[in-house]
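Asker: here is my input; please provide its structure:
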Amino acid sequence: MLGYRSPRALICCKSCTDHHKAWMILNIFLQGTVDEILTTYIKYCTNERQTPSVTGLYQYISISKDKNFRFLCDATFNIVLAVFVFRSGVRRNNSKFIMAGKSKFIKLFYGFNHTYYQEIVYRDLKTRTLAPQEVKEFLEKTESFSVSGHESKGEGGDFVLEAVNGKSKRWLPPGIPQHQHWLQVCRNLDLLDKIRENTFKETGMNEESKGVYQRDIEKEILEWRVKLRASGYISNTADENSCHISVSGENLDKTLVSFERQCNTNINDYYNELIKGGLPGKGVSLTPVFTTPLDRTKFHDIKKKKKITDK
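Answerer: Take a look at the predicted model:
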């Protein structure tokens, strides 16, 4: 469906080595999965002669006994959708959207023991809570920046610097640039860009597009919906004693369906350790969320345990 035809390509897909392709895959997953979840819910409403509603949908999900259906709904609406809300906030410099999205998906940093991100989240929240009001207002107004001025093309400060660096590089001569080359380009970058813009204008040539490009992924979304429906994964017909499996049929860990509970437990344990005097990102031992039974076996392998030596 996505064109990955080798194990190495699949690993690249899972690792999100290409940001643009990873975002396209997330779009396919979100739109296709939401459509199928709504299809299942509307069928239920039709049979029960109920009027579909947002509140009704969440109640329908909450009372479901089907582990596959519950898990995919939680992952879709509580995690993946939150990432889209966060990105929407960044693109439009909307602090409320950023914080709303972030508050949902950052729990994964504690569920999968991403220690660097745990520390970043801790320091960010601490700053936003304890900083003077003037600093808080400054942070809210400068979450992201739009170099082009387009209202939906906001980026984080690091990406803006990368873009400026990329502009600088295209004016460097071939070969290894020397200090003098960098000095000349950086001091005259705005002027050089103005000359470039006027050159395109005078010659009638089209510069690279400054619009918003979006690839048509309707075919891929439909293919994902067909695969998901054919598997019966979110038919919501299984009982509570059924096994939790992946769409491809692989057995999943028995606790994965309640992964958010484990994430929240880890968050509490993490901050309780900090209250006791622990350092952020160091020495805080958390039980991770296990995706498959093999992950659990590897984590509890006796060979990985530290030896206790007598002093």
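Asker: next, the buried residues of stretch 149-156.
Answerer: Residues of stretch 149-156 classed as buried by neighbour count (16 or more other Cβ atoms under 10 Å): 153, 154, 155. C-beta here means a position set from N, CA and C on the backbone, and glycine is covered the same way.
Asker: include distance to residue 54, secondary structure and pLDDT when you put these into a markdown table, please.
Answerer: Formatted as a markdown table, the buried residues of stretch 149-156 follow (distance: Cβ to Cβ, whole Å; DSSP: H, G, I helix; E, B strand; the rest coil; pLDDT from 0 to 100):
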| residue | distance to residue 54 | secondary structure | pLDDT |
| --- | --- | --- | --- |
| 153 | 30 | coil | 86 |
| 154 | 28 | coil | 89 |
| 155 | 32 | strand | 88 |
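Asker: let me know the closest of those to residue 182.
Answerer: residue 155 (23.1 Å; Cβ to Cβ).
Asker: burial count for the closest residue to that closest one other than its chain neighbours?
Answerer: Closest residue to residue 155 apart from its sequence neighbours, by Cβ to Cβ, 6 or more residues apart in numbering: residue 144 at 5.7 Å. Residue 144 is flanked by 19 other residues according to other Cβ atoms under 10 Å.
Asker: gap between residue 144 and residue 156?
Answerer: 6 Å (Cβ to Cβ, to the nearest Å).
Asker: shared neighbours of these two, which are they?
Answerer: Overlap of the contact sets of residue 144 and residue 156 (by Cβ atoms under 8 Å, 6 or more residues apart in numbering) consists of residue 90.
Asker: ok, residues contacting stretch 114-132?
Answerer: Counting by Cβ under 8 Å, 6+ apart, 106, 108-110, 135-136, 139, 270-271, 274, 280-282, 284 sit against stretch 114-132.
Asker: same thing but at 10 Å, please
Answerer: 95, 99, 102-103, 106-110, 135-140, 266-267, 270-271, 274, 279-284, 286 (Cβ atoms under 10 Å, 6 or more residues apart in numbering).
Asker: and for stretch 135-144?
Answerer: 89-99, 124, 127-132, 153-157, 159-160.
Asker: got the buried residues for the helix or strand hosting residue 268?
Answerer: Counting by DSSP states H and E, the element that carries residue 268 is helix 259-275. Neighbour-count burial for helix 259-275, counted by 16+ other Cβ under 10 Å, picks out 259, 260, 262, 263, 266, 267, 270, 271, 273.
Asker: the fourth one reaches residue 75, doesn't it?
Answerer: Meaning residue 263. No. In this structure residue 263 lies outside contact range of residue 75 using Cβ atoms under 10 Å: 11.9 Å.
Asker: low-scoring stretches of the stretch 1-150 of the chain, by residue?
Answerer: 1-4 (pLDDT under 70).
Asker: which residues in it form helices?
Answerer: 7-15, 19-48, 54-62, 67-74, 81-91, 95-105, 107-111, 115-130, 133-141 (DSSP state H, counting those that start in this stretch).
Asker: angle of the fifth one against helix 19-48?
Answerer: Here the directions of helix 81-91 and helix 19-48 differ by 130 degrees (axes from the mean of the first three to the mean of the last three Cα atoms, to 10 degrees).
Asker: so what does residue 151 look like in phi/psi?
Answerer: Here is the backbone geometry of residue 151 (degrees, to the nearest 10): phi -70, psi -20.
Asker: name the nearest residue to the one residue sitting closest to the centre of the chain, ignoring sequence neighbours.
Answerer: The centroid of the chain falls nearest to residue 83 when counting by Cα atoms, centre = their mean (4.5 Å). Spatial nearest neighbour of residue 83, chain neighbours left out: residue 105 (5.6 Å); criterion: Cβ to Cβ, 6+ apart.
Asker: so who does the one you found touch?
Answerer: Residue 105 makes contact with 78, 79, 80, 81, 82, 83, 85, 86, 263, according to Cβ under 10 Å, 6+ apart.
Asker: distance of the nearest residue to residue 153 once chain neighbours are set aside from residue 169?
Answerer: Among residues not flanking residue 153 along the chain, residue 146 sits closest, at 5.0 Å (Cβ to Cβ, 6+ apart). Using Cβ to Cβ, we find residue 146 at a distance of 21 Å from residue 169.
Asker: when these two are compared, which one has more neighbours?
Answerer: When neighbours are counted by other Cβ under 10 Å, residue 146 comes out ahead of the other of residue 146 and residue 169, with 15 against 11.
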